[in-house]
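In: no sequence on this one, just coordinates:
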């Protein structure tokens, strides 16, 4: 019964090339590109980001949500708003 053993379930899935391809594209997208974007956004706007980048590298989407929450809590606004402010 693999339902009660997540590690065994994952090892079973890794045997399939399609799963490996999907998992690798997920890792590249979230861990590298989005993690880098969060880090660069933090540098550009002076926002503390190590916790968001770490969470993004570990489990993906919650890292982005944490970064957006950090932006709001610090009063910096959501990413992308600074271009609109410069036009005014």
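Out: Here it is on my side, so go on. Keep in mind the model is a prediction, meaning the values are calculated, not measured.
In: how about the helices in the protein?
Out: For the chain, the helices defined by DSSP state H occupy 6-14, 17-27, 35-45, 50-59, 61-73, 81-87.
In: can you list these in CSV and add mean pLDDT and mean neighbour count?
Out: Glycine gets a C-beta too; all of them are placed from N, C-alpha and C. As requested, the helices of the chain are exported to CSV (pLDDT from 0 to 100; neighbours: other Cβ atoms under 10 Å):
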stretch, mean pLDDT, mean neighbour count
helix 6-14, 81, 11
helix 17-27, 80, 11
helix 35-45, 95, 16
helix 50-59, 92, 16
helix 61-73, 94, 16
helix 81-87, 56, 9
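In: which residues touch the closest residue to residue 60 other than its chain neighbours?
Out: Excluding the flanking residues, the one nearest residue 60 by Cβ to Cβ, 6 or more residues apart in numbering is residue 30, at 4.0 Å. Residues counted as contacts of residue 30 (Cβ atoms under 8 Å, 6 or more residues apart in numbering) are 56-57, 60-61, 63.
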